[in-house]
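1. Okay, here's the prediction I keep looking at, along with the sequence it came from:
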2 protein chains.
Amino acid sequence: MKPKKTTIHDIADKLNITASTVSRALNNNPRISDTTKKAVLDMAKDLHYQPNNIAAALRSGKSQLIGIIVPTINRSFFSSVIRGVEEVANTLNYRVVVSQSYEIFENEVATVNAMLNARVDGVIASIGKNTKNYEHYTNLIKKGIPLVLFDRTTNKIGTSQVVIDDFLGGYMATEHLIQQGCTKIVHFTSSKKVNIYKDRYRGYKEALNDYNIAFNESLVCKGNMQLEDGRIAAEQLLALNKEFDGIFSSSDYAAMGAIQILKEKGIKIPEEVAVAGFSNEPFTSFTDPALTSISQFPIEMGRAAAELFFDMLHTEKKKFIPQKTVLQPELVIRTSSLKTIK
Amino acid sequence: MKPKKTTIHDIADKLNITASTVSRALNNNPRISDTTKKAVLDMAKDLHYQPNNIAAALRSGKSQLIGIIVPTINRSFFSSVIRGVEEVANTLNYRVVVSQSYEIFENEVATVNAMLNARVDGVIASIGKNTKNYEHYTNLIKKGIPLVLFDRTTNKIGTSQVVIDDFLGGYMATEHLIQQGCTKIVHFTSSKKVNIYKDRYRGYKEALNDYNIAFNESLVCKGNMQLEDGRIAAEQLLALNKEFDGIFSSSDYAAMGAIQILKEKGIKIPEEVAVAGFSNEPFTSFTDPALTSISQFPIEMGRAAAELFFDMLHTEKKKFIPQKTVLQPELVIRTSSLKTIK
DNA sequence: ACAATTTGTGCAATCGATTGCATATTATTA
DNA sequence: TAATAATATGCAATCGATTGCACAAATTGT
């Protein structure tokens, strides 16, 4: 009935040798003669042998699985990071198991736990916005399971991280607007709890400072960074008759929302208000005007995370020192901010 | 040194019972008394017991893993489908292992194989553009491993599928353009080998036919469906002085490329040329004009695929009949095609 | 009060691959 | 040529959980 899967024992029986020898032959163990190796390989092919990673994992304690936890998979940034990780993992014969937290703390904890049960060899994760307690992550570390955080990270637990230099990104975007002649620059940001927004905000302030532009708190809008939040913020600014000639939004979506409102009101972009976003979402090149943004190189971030992960995996826990890879962001200038045509 | 993981045997020892009982208690087996169950559960918590799915998988033959194979993870459509699958899988205590084929046949084959080695309980996949040989998939079926194909599928192997009604989508988009007054409608399509493009093309033709508009093959452009292909196609049409007042592109990207050229040439959209794309990519609502498109409900598609998957999983192979879930597409009308304001 | 059930646990094999140690065979050296 | 070293393979335990079957104790029926 069922085509009874073939195991190393079946191969062994056919060749009148033992499973140990077959196992060693398949793993190219130097203690096995080339003749035997060839015989085993041939027989394996004949019998359509399919290795059972599960059995190997149980015995060896290595599942060849990497768990990836992200708030949501279908966001360009996250899926691109996953892509980068998968790319590297795949070449090293590792698979990735992905799971979403939906920004819900309980899910994040449950997911870490599920990964633990699945016996992943390690975890690569981006922390949910509402996560303030990191016990589920420190548990991993305690158990000696490699953990690499990316983008939304924390320094509160000693583990490797990959981030872009958000401070620099914020600085670059702001500086660019200043260089385009803006002096009254609005900033859209979010909760100060999340490292990335905090750093971009710092970059914004620093740039203003460096160019001797007074920081004006009333030009800073806090929101949830979605399209709608950008629309609301822009409407309020206009309603309150705030004067501004530039917007640096920590999110492309919010920037887009603001652009929509400005266009509706007949305000010219970039002539009257120059706009820069953050993340370089795929849509930024398709909008009108195309949106200036900061690229975070998500695929590279995924690759970097995978590399740190494998570093950890190959280092003994006691002599491990957490690494932090900081990627350089890139300012992608598009028409939404480009006043001067050179 | 190492905190030695606790197993069911450790729990058993502490309670002076056997591992069998512990296993049954943890699995809420009715043959175990409530008293014992509680004792086991408490002890499990005390000892920080973490189930080992690998061991269970080896014994039971069920890994609780679903393999997902897509051409690339970081495309909105695919990542959204994965999201949908993960959502359902997660509630049923399954994890998803994702892998990319990059549209390369060899990768696809290798990936199926890797999934087999990892002993996934089944596979959900979208076929690469260059795949003409389906042996790697039929192998899965032969082995009794559930396989569900989505979007880019084939009828050549008897397995369950989830698709949207691409024919209908093509029809709806074309009909809409016709209703907007277009009579000379260009169509962007790709290789006829891929079912989705073929069906959309058929829908296009059928709509023309139903509205008594002569089909004009010279208005059909074949390309790779990327932004650049749309730009090239549009340029060629203009260079050849083709007359057209509408474009139905089987890809939002190509549609966008065409829009860029039309705008550059000062051709008014939708007044002179109305445009409709396909896929309802996230960027379509951000472009100017916003792009009319056909929504494929990718998250729902993922959920549907997961459901078909679990159906298969719970049906004996012999009495299994391949299912095909056909989702209804939806026309999302935006300004790129909306001539008449009602 | 004794047989027939029902209920709750234990025994031991099993899933498939890996690996430390032992052993047999062959090759090398003094 | 005997002793030593190198080479190739086998033995058996192990990883941790599951499960068919056996069996003892408790409950029910008559």
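-> Received the coordinates, thanks.
2. domain ranges for chain A?
-> If you go by automatic domain parsing, the domain ranges for chain A are A:8-51, A:62-164+A:298-327, A:166-296.
3. Those into a markdown table, with extra columns for mean pLDDT, mean neighbour count and distance to DNA strand C?
-> To be clear about C-beta, it is placed using only N, CA and C from the backbone, and glycine gets the same treatment. Shown next, in a markdown table, are the domains of chain A (pLDDT from 0 to 100; neighbours: other Cβ atoms under 10 Å in any protein chain shown; distance: least, Cβ to the nearest atom of the strand, whole Å):
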| stretch | mean pLDDT | mean neighbour count | distance to DNA strand C |
| --- | --- | --- | --- |
| domain A:8-51 | 94 | 15 | 3 |
| domain A:62-164+A:298-327 | 96 | 20 | 8 |
| domain A:166-296 | 96 | 20 | 39 |
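4. Dump the ones you listed into JSON lines; add distance to B:A44 as well.
-> Below are the domains of chain A laid out as JSON lines (distance: least, Cβ to Cβ, whole Å):
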{"stretch": "domain A:8-51", "distance to B:A44": "32"}
{"stretch": "domain A:62-164+A:298-327", "distance to B:A44": "13"}
{"stretch": "domain A:166-296", "distance to B:A44": "34"}
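5. From A:T154, how far off is the spatially most central residue of chain A?
-> Compute the mean C-alpha point of chain A, and by Cα atoms, centre = their mean the closest residue is A:V81, 4.4 Å away. Per Cβ to Cβ, to the nearest Å, A:V81 is found 17 Å from A:T154.
6. ok, back up a step: now do the SS call for the residue nearest to the centre of chain A.
-> At A:V81 the chain is in helix, as set by DSSP: H, G, I helix; E, B strand; the rest coil.
7. That one against A:R152, yeah?
-> No: A:V81 is beyond contact range of A:R152, at 11.1 Å (criterion: Cβ atoms under 8 Å).
8. what do the two both touch?
-> Counting by Cβ atoms under 8 Å, 6 or more residues apart in numbering or on different chains, the residues touching both A:V81 and A:R152 are A:S126.
9. so what's A:I294 closest to, chain neighbours aside?
-> Nearest residue to A:I294, sequence neighbours excluded (Cβ to Cβ, 6 or more residues apart in numbering or on different chains): A:G169, at 4.3 Å.
10. so who does that neighbour touch?
-> Here A:G169 is in contact with A:199-200, A:203, A:278, A:294, A:296, A:329 (Cβ under 8 Å, 6+ apart).
11. In helices, which of the residues you listed fall?
-> Using DSSP state H, the members of those that fall within helices are A:199-200, A:203.
12. ok, of the residues you listed, which one's closest to DNA strand D?
-> Set against DNA strand D, the nearest of the ones in helices among the contacts of A:G169 by Cβ to the nearest atom of the strand is A:D199 (41.6 Å).
13. which ones are touching that closest one?
-> A:D199 sits next to A:165-167, A:169-170 when contact means Cβ under 8 Å, 6+ apart.
14. The same query, at a cut-off of 10 Å, please.
-> By Cβ atoms under 10 Å, 6 or more residues apart in numbering or on different chains, the contact set of A:D199 is A:163-171, A:250.
15. if we can go back for a sec, output the contacts of A:G169 as JSON lines; include the columns distance to A:N133.
-> Listed next are the contacts of A:G169 as JSON lines, based on distance: Cβ to Cβ, whole Å:
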{"residue": "A:D199", "distance to A:N133": "22"}
{"residue": "A:R200", "distance to A:N133": "24"}
{"residue": "A:G203", "distance to A:N133": "28"}
{"residue": "A:F278", "distance to A:N133": "27"}
{"residue": "A:I294", "distance to A:N133": "30"}
{"residue": "A:Q296", "distance to A:N133": "26"}
{"residue": "A:P329", "distance to A:N133": "29"}
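16. out of the residues you listed, who's nearest chain B?
-> When the contacts of A:G169 are compared for distance to chain B (Cβ to the nearest Cβ), A:Q296 wins out at 12.9 Å.
17. who touches that closest one in this structure?
-> Going by Cβ under 10 Å, 6+ apart, A:Q296 touches A:77, A:80-81, A:151, A:163-166, A:169, A:196, A:278-281, A:327-330.
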